[in-house]
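Asker: Any chance you can model this:
(one chain, ligands or ions: 1)
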Amino acid sequence: MTRSDDLPKAVPAMWRLCRLGYQHEPRLLVFAFVMTLLAAIPDALLALWLKILADGVLSGDRRAILIAAAGMAVSVTATWFLRTLSARISRRFRDRVTIMLEAHVARLQATVATIAHHERRDYLDRLSVLRKQVFVLDHMYMSLFSTCGWLLRLGVTVALLMSIHPVLALLVVFALPTVISSSWRPGVERETEEQNAAHQRLADHLFRTATTPAPGKDVRVTGIGPDLVASRRREWERWYAPIAAARWTSAGWHAAAWAVFGAAYVGAVLLVASGLHGSVGDVLLILAAGARLSSYIGATVGEIGFLRGIWLDGSRRLVWLEDYAASFDAEADLPVPSRLVDGIRLQGVSFAYAGSDKLALDNVELDLPAGRVIAVVGENGAGKSTLVKLIAKLYEPTAGRILLDGQPLNRMPAEAWRDRIAGAFQDFFRFEFLARHSVGLGDLARLDDEPAVAAAVVRAGADDVVDRLEDGLDTQLGSTWPGGAEISFGQWQKLALARGFMRDQPLLLVLDEPTAALDAETEHALFERYAAAARDSTDGRITILVSHRFSTVRMADLIVVLDGARLVETGTHDELMALGGQYAELYRIQAAAYR
Ligand SMILES: Nc1ncnc2c1ncn2[C@@H]1O[C@H](COP(=O)(O)OP(=O)(O)OP(=O)(O)O)[C@@H](O)[C@H]1O
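Answerer: Below you'll find the model as predicted:
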């Protein structure tokens, strides 16, 4: 499957979502649909009972009067009964389908093989609209059913009008402008929203920055509170002004379309009353059915507009996300090796972040031998984290390839490769769960495996953190939760490290400055332990260590020096010192600072 930036077509996307609903709730879906159709019929027949009644009264036909009265009674009762029943079934269906869709979207977003979709501006805007739409997607099944119900009413009404004279069917043609304007409006409005979504995202971001606890300290120290509020207001205006303008323009066209239908309706009534010399019953029928026709068309086009505006749009975004997520696995036809023999090789690897022309890695050629400890050094922004993230398959190289024992990594499933990766990153996340789960989710299958969690805690040197928690591993983390404990940044970092150590047989151990908050000696001691474990492993485990501390770096088997996205030096500490290049200079500067 190839990866496309375009949204998929609307109707196939809608069909896929219908199938998704049917897979999860087949009975409720069919039942809700049939009930909506049944509820539509009695209401549409009221105009017919009115005509029979009028003609019966004028001709003194008691039987016709009784039929009309009974028909009306049944119609009114059945309309109420079927609508009530259909509403209850629909609510049940919607509740269940909402939970299913929310879970589906969350799972898709969380499991896309790379994290590029969290950073590409165009994808972010697309996903931010989908995140809001997913909570209303359940209405959309209802909207689809209702559209079918309104179309059925419309069909019955047109048949009744044609029973007076076939030419009256033309009334529908005059309603077409309203259909066109209704289906055109939401698309235009949504496009304007998407074009301006970045302003809304920025407004949301500024609002969160001004109101949430995490940035609270910086906001006060810098005094940017009032600026944040003013900037938020400005961004909101920038988002809203073009949307309001688009709404006014489309409303003007819509009103004009309704004026066309209104004129045709008046003409049709006059035609039946004078031109066709219809009976009183016929005039009542055109009055009642014609008026209903306009409300049915109004409801149908309104529903179609709703369908187009949110449902079709939402389903296209959801299907795009499904295809995007699936496109990664479709390319993955090779298994991840069970052990590394040669190691990892980067061949001419270049990478630029989405939306940036600047290369974060430029034509990197590198061999990472199996069973070795490799340190990556370089100044801030040199590309160290980017290198690690590419090897962890969080991004795909823009050019070149990465080979695992000679096999291309891009043809291996991301999930299977990540199952064999352990470690931690500098920008870790604080999972505010029980301490046991915050650590245990490093290996989901062993989330509640007490000995495994305890072993990971020891491996990461985080036992002192857990010992200080009131209920040990059963302590809730995060002070905003009942009984939750707040811990320091360094303690969070140690727990993140423990989470990274949950997998005890990794092929790749990544340590991207996960110990920056710890003191140099603790970091050194920890790394010595990991390095010893890596050298003892029998599966060719590679340990990649990113650190600014040369006291730690020097013990690595191979040191890789990056500078401005390029690989400039590789070798052992002694080799690089003998070379007298960039590494030697950086090492001397740091050693002098510690003297
Ligand atoms: N998510 C991102 N989107 C766009 N550009 C990015 C992103 N992450 C990093 N960059 C850019 O890529 C370049 C390399 O960044 P990277 O994080 O790999 O550097 P680093 O060597 O790990 O730096 P540090 O020592 O500060 O962690 C930098 O110029 C940075 O601005």
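Asker: which residues touch Glu450?
Answerer: Residues near Glu450 by C-beta atoms under 8 Å, 6 or more residues apart in numbering: 436, 473. Where you see a C-beta, it was placed from the backbone N, CA and C, and this is true even at glycine.
Asker: mind checking how far it is from Leu576?
Answerer: To Leu576, Glu450 is 44 Å away according to C-beta to C-beta, to the nearest Å.
Asker: Around the ligand, pick out the residues from the protein.
Answerer: 119, 353, 356, 360, 378, 380-386 (C-beta under 6 Å from any ligand atom).
Asker: Tell me, how many residues neighbour the nearest residue to Leu130 once chain neighbours are set aside?
Answerer: Excluding its sequence neighbours, the residue lying closest to Leu130 (C-beta to C-beta, 6 or more residues apart in numbering) is Arg317, at 4.1 Å. Using other C-beta atoms under 10 Å, Arg317 has 22 neighbouring residues.
Asker: can you confirm Val57 is in a strand?
Answerer: No: per DSSP: H, G, I helix; E, B strand; the rest coil, Val57 lies outside any strand segment and is helix.
Asker: In three-state terms, label the residue of the stretch 201-350 of the chain found nearest the ligand for me.
Answerer: When scored by C-beta to the nearest ligand atom, the stretch 201-350 of the chain has Ser350 as its residue closest to the ligand, at 12.2 Å. Secondary structure state of Ser350, per three-state DSSP, is strand.
Asker: helices and strands around the helix or strand in which His254 is found, which ones?
Answerer: His254 belongs to helix 225-270 when elements are defined using DSSP states H and E. Judged by 3 or more C-beta pairs under 8 Å, 6 or more residues apart in numbering; DSSP states H and E, helix 225-270 is in contact with helix 171-195, helix 197-211, helix 280-306.
Asker: pLDDT of the last one, averaged?
Answerer: The average of the pLDDT scores along helix 280-306 is 81.
Asker: Secondary structure element holding the residue nearest to Leu130?
Answerer: helix 313-330.
Asker: Next: Val510.
Answerer: Using DSSP H and E, Val510 falls in strand 508-512.
Asker: List the contacts of that strand.
Answerer: 344, 384-385, 388, 391-392, 420-426, 500, 527, 530, 534, 541-547.
Asker: before we move on, what about stretch 519-539?
Answerer: 338-340, 371-373, 459-461, 497, 505, 507, 509, 511, 515, 518, 541-543, 545, 547, 549, 551-552, 555-556.
Asker: Mind jotting down where the strands sit in the protein?
Answerer: For the chain, the strands defined by DSSP state E occupy 343-352, 359-369, 373-377, 399-404, 407-408, 421-425, 508-512, 542-546, 558-563, 566-571.
Asker: quick one: which of these has the weakest pLDDT on average?
Answerer: strand 421-425 - the lowest mean pLDDT of the strands of the chain, at a mean of 83.
Asker: Just checking: what are the partner strands of it?
Answerer: With DSSP bridges as the test, strand 421-425 is paired with strand 508-512 (parallel).
Asker: centre of the chain versus the strand it pairs with, how much separation?
Answerer: Computed by C-alpha atoms, centre = their mean, to the nearest Å, the chain-centroid distance of strand 508-512 equals 28 Å.
Asker: related to what we said a few turns ago, find the nearest non-adjacent residue to the residue of the stretch 201-350 of the chain closest to the ligand, please.
Answerer: Nearest non-adjacent residue to Ser350 (C-beta to C-beta, 6+ apart): Ala399, at 4.2 Å.
Asker: give the contact list for the one you found.
Answerer: 348-351, 363.
Asker: Could I have the buried ones of those as PyMOL selection syntax?
Answerer: To isolate the buried ones among the contacts of Ala399 in PyMOL, judged by 16 or more other C-beta atoms under 10 Å, type:
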select buried, resi 349+350+351
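Asker: residue boundaries of the helices in the stretch 51-200 of the chain?
Answerer: 62-111, 121-133, 137-164, 171-195, 197-211 (DSSP state H, counting those that start in this stretch).
Asker: export these to TSV and tack on distance to Phe328, mean neighbour count and mean pLDDT?
Answerer: Shown next, in TSV, are those (distance: least, C-beta to C-beta, whole Å; neighbours: other C-beta atoms under 10 Å; pLDDT from 0 to 100):
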stretch	distance to Phe328	mean neighbour count	mean pLDDT
helix 62-111	10	16	87
helix 121-133	14	17	70
helix 137-164	24	21	87
helix 171-195	25	18	83
helix 197-211	25	17	88
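Asker: so who does Leu50 touch?
Answerer: 68, 72, 281, 284-285, 288.
Asker: before we move on, the earlier item: please list only the buried members of the contacts of strand 508-512.
Answerer: Buried among the contacts of strand 508-512 by 16+ other C-beta under 10 Å: 344, 384-385, 388, 391-392, 420-426, 500, 527, 530, 534, 541-547.
Asker: how far away is the residue nearest to Ser350 from the ligand?
Answerer: Noted for Ala399: a distance of 16 Å to the ligand, by C-beta to the nearest ligand atom, to the nearest Å.
Asker: Quick one: end-to-end length of stretch 480-495, please.
Answerer: 19 Å (C-alpha to C-alpha, to the nearest Å).
Asker: coming back round to it: okay, the angle between the helix holding His254 and helix 197-211?
Answerer: 140 degrees (axes from the mean of the first three to the mean of the last three C-alpha atoms, to 10 degrees).
Asker: what does the average pLDDT come to for helix 225-270?
Answerer: On average, helix 225-270 scores 90.
Asker: next one: that helix to chain centre, how far?
Answerer: 28 Å.
Asker: now the angle from that helix to helix 280-306?
Answerer: Going by the same axes, to 10 degrees, helix 225-270 makes 160 degrees with helix 280-306.
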